[in-house]
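Trainee: please work out how this folds:
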Amino acid sequence: MTKIHTYQKIIVLAALLAACTQLPTSAPPAPPEAPPPAAEPVQPPAANALTIDSAQSLIAITVRRGGLLARLGHDHLVASRHVSGTVSPSQNRADLQFRLDQLTVDEAELRVAAGLEKQPSADAIDGTRNNMLTRVLDAERYPVVSVHAERGAAGQPLQVAVTLHGVTRIMAIPAEIRESNGGMTVTGSVNLKQSDFGITPFSVMAGALAVQDQLELRFTLAAK
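Mentor: Numbering: from 1, shown residues only. Prediction:
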């Protein structure tokens with residue numbers, strides 16, 4: 001009888017504890033994200049601003065292969081022939097942009113100019129371009145590359161702000177500037193890293209076949 005009575009007490013105690021136990025409450029809703037800081041207003045081009053001549057302008061990027069199986073891959077040449085924007089000589093600045101979905105991959109003449117051998121097949125080029133736009137650059141989310149450049153004293157590098165993949169980086173880029181007949185041509189080259197812009201270089205097979213982080217960029221920009 002004592003055992004039964006003790007057992008009943010245990011059941012009652014368990015029931016009381018269960019009744020007093022609160023169900024876990026859901027976490028309070030996260031506070032709304034603060035709006036991003038307002039972008040600095042873009043200074044309008046001067047009245048005498050020049051316009052980028054897309055037909056005479058080119059941005060070419062050499063993409064090198066890497067990894068233990070690099071010999072099985074290809075180096076690639078990515079280019080933009082659709083650069084647009086303005087150059088304001090009186091303000092010593094330029095603003096330009098180009099769309100990622102207008103990039104070309106492995107144009108034969110550009111590969112030759114860059115010293116790249118063995119033209120990839122059309123299927124390989126299509127696959128490279130698709131991987132680049134979707135898996136690497138996320139071109140649907142970040143469709144445009146923007147560049148703001150300022151010219152300092154003669155002989156000094158251009159101070160250039162590049163916005164790619166939602167990230168802006170500022171770099172000093174040596175350039176040759178030629179002015180003639182009211183127009184201007186700017187040429188130069190620079191190495192930059194994909195990771196500096198939050199981009200993970202493309203790779204397969206746990207990195208055995210990959211794209212190097214560093215890119216080799218050269219440009220010719222004509223304005224008139």
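
Trainee: which stretches of this structure have low pLDDT?
Mentor: Residue ranges of the chain with pLDDT under 70: 1-47.

Trainee: recalculate using a threshold of 90.
Mentor: Judged by pLDDT under 90, the chain has its weakly predicted residues at 1-48, 70-73, 117-118, 154-155, 207.

Trainee: can you give me the offset of the longest strand that it contains from its chain's centre?
Mentor: Identified as the longest strand of the chain according to DSSP state E is strand 209-223. Put simply, strand 209-223 sits 12 Å off its chain's centre (CA atoms, centre = their mean, to the nearest Å).

Trainee: ok, stretch 85-93 next?
Mentor: 24 Å.

Trainee: picking up where we left off before, and the longest strand of the chain, what does it pack against?
Mentor: Applying 3 or more CB pairs under 8 Å, 6 or more residues apart in numbering; DSSP states H and E, we find strand 209-223 packed against strand 58-66, strand 84-88, strand 93-99, strand 183-193, strand 203-204. Glycine gets a C-beta too; all of them are placed from N, C-alpha and C.

Trainee: need these in JSON lines (columns: mean neighbour count and distance to Thr128).
Mentor: As requested, these are arranged in JSON lines below (neighbours: other CB atoms under 10 Å; distance: least, CB to CB, whole Å):
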{"stretch": "strand 58-66", "mean neighbour count": "19", "distance to Thr128": "9"}
{"stretch": "strand 84-88", "mean neighbour count": "19", "distance to Thr128": "25"}
{"stretch": "strand 93-99", "mean neighbour count": "20", "distance to Thr128": "18"}
{"stretch": "strand 183-193", "mean neighbour count": "16", "distance to Thr128": "19"}
{"stretch": "strand 203-204", "mean neighbour count": "14", "distance to Thr128": "12"}
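
Trainee: quick one: closest of those to Gln119.
Mentor: strand 58-66 (14.7 Å; CB to CB).

Trainee: what's the angle between that closest one and strand 183-193?
Mentor: 20 degrees (axes from the mean of the first three to the mean of the last three CA atoms, to 10 degrees).

Trainee: parallel or antiparallel, list what pairs with strand 58-66.
Mentor: Sheet partners assigned to strand 58-66 using DSSP bridges are listed as strand 76-80 (antiparallel), strand 209-223 (antiparallel).

Trainee: circling back: could you dump the helices and strands packed on strand 209-223 to JSON lines with distance to Thr168?
Mentor: Converted to JSON lines, the helices and strands packed on strand 209-223 look like this (distance: least, CB to CB, whole Å):
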{"stretch": "strand 58-66", "distance to Thr168": "17"}
{"stretch": "strand 84-88", "distance to Thr168": "16"}
{"stretch": "strand 93-99", "distance to Thr168": "13"}
{"stretch": "strand 183-193", "distance to Thr168": "13"}
{"stretch": "strand 203-204", "distance to Thr168": "25"}
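
Trainee: that's all I had, so thanks and see you.
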